[in-house]
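[1] no sequence on this one, just coordinates:
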Ligand code: C5P
């Protein structure tokens, strides 16, 4: 189950006997590739200690909204932004009532309001409390928000009753959490993505390149596969592992990338150019290592083909999505590229800001198309990639 690979799960634990199962749940989520951070309510800490969950998650456990030390380490807004999914397990009747009424009177409810990640809860309570009209009204209100409700199961309860209200087992919850990341938006669609830098040889040991890490292209490939697409990822030299179910084609320089792309796009419906292709290459790469001398040296460069412009110029062109990494005049330059290269969408980011863009794990972008624009605020590249794939697939289905 790779849908949890590199996913950030914020696990909320509230006060009920099922809180002891949170320890097992952390393990199961990690088995499936997730990174877990834990938030506990005061009542939860009566059932299982923060130290246990800290040791298992490998991260400090967050317990208090108004704790200056915790806020300095990772503030609640940062934590809310970090999450790809907020999973509250067990969710007590009291917590459900507070979530349903939009309270923000402790850390966990505040995080639920502050996050733009989906929220899922695994109710756990006595069968009579579960059946109570108030609880059922709260469940109905939460479903309309929408909050995903995992379970509860029927069975024997800690109090000796038999009935609905048992929390689902850890493995079932991990599987349901993984399903939250699957969508069918690109079912049967073939997507070609370029990623990383290119290297333009000067001689057998030296080259011209750039700082692209390939992270954005790889994150897009993973998100596209999870949306049901079959994905070919054509990448320059990067130190990244291939997401599962993605076909990777490795190239070194712009000419090789151009040839691989022109071949791969023949049968694709969407092309995303996330590679930082070198604009120029040396006219000729020396066959042998160039010897050092005290004279100045000149390397003559010629322009590389513009891969994405060539894709967009094809007769039966795929939906073509480009990137614009700019240090200034973001909107103006991005729109000029959109038009000049005849793209359907362009995703622009400000590379002068070191907390986003090249080599960083986070990014913030604005998407431009002929008739509009949309800004996606700063978040992890993985989360941003899922939002971008959603925008791209909306656009694709509107046109097909
Ligand atoms: O013109 P600029 O390089 O800023 O445009 C960036 C966009 O064009 C990116 O989507 C990039 O992948 C693509 N590109 C390309 N081939 C080039 C240069 C850029 O596909 N030679």
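    All right, it came through fine. All of these numbers come straight from a predicted model, not from anything done at the bench.

[2] Helices along the stretch 101-250 of the chain, start to end?
    107-114, 127-131, 133-143, 170-179, 215-226 (DSSP state H, counting those that start in this stretch).

[3] among the ones you listed, which is nearest the ligand?
    Ranking the helices of the stretch 101-250 of the chain by distance to the ligand, with C-beta to the nearest ligand atom as the measure, places helix 215-226 first at 8.8 Å. Quick note: C-beta positions are derived from backbone N, CA and C, even for glycine.

[4] any bit of that closest one sitting next to the ligand?
    No: for helix 215-226, no contact with the ligand is found by C-beta under 6 Å from any ligand atom; the gap never falls below 8.8 Å.

[5] Run the angle between that helix and helix 170-179 for me.
    If you take axes from the mean of the first three to the mean of the last three C-alpha atoms, to 10 degrees, helix 215-226 sits at 110 degrees to helix 170-179.

[6] Mind giving me the packing neighbours of helix 215-226?
    strand 190-195, strand 230-235, strand 246-250, strand 270-273, helix 381-399 (3 or more C-beta pairs under 8 Å, 6 or more residues apart in numbering; DSSP states H and E).

[7] follow-up on the earlier one: point out the most buried one among the helices of the stretch 101-250 of the chain.
    helix 215-226 (a mean of 27; mean count of other C-beta atoms under 10 Å).

[8] want to throw the helices and strands packed on helix 215-226 into CSV with mean pLDDT and mean neighbour count?
    As requested, the helices and strands packed on helix 215-226 are exported to CSV (pLDDT from 0 to 100; neighbours: other C-beta atoms under 10 Å):
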stretch, mean pLDDT, mean neighbour count
strand 190-195, 98, 27
strand 230-235, 98, 25
strand 246-250, 97, 16
strand 270-273, 98, 27
helix 381-399, 91, 19
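
[9] Mind putting the helices of the stretch 101-250 of the chain into a markdown table with mean pLDDT?
    Below are the helices of the stretch 101-250 of the chain laid out as a markdown table (pLDDT from 0 to 100):
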| stretch | mean pLDDT |
| --- | --- |
| helix 107-114 | 96 |
| helix 127-131 | 95 |
| helix 133-143 | 97 |
| helix 170-179 | 95 |
| helix 215-226 | 94 |
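
[10] hmm, back to that, between the helices and strands packed on helix 215-226, which one is closest to the ligand.
    strand 270-273 (3.3 Å).

[11] Starting from that closest one, tell me which strands it pairs with and how they run.
    strand 190-195 (parallel), strand 319-326 (parallel) (DSSP bridges).

[12] right, and those - which one's nearest residue 268?
    strand 190-195 (4.3 Å; C-beta to C-beta).

[13] what does that closest one rub up against?
    212, 214, 216-218, 220-221, 224, 229-236, 238, 257, 261, 264-265, 267-275, 277, 307, 318 (C-beta atoms under 8 Å, 6 or more residues apart in numbering).
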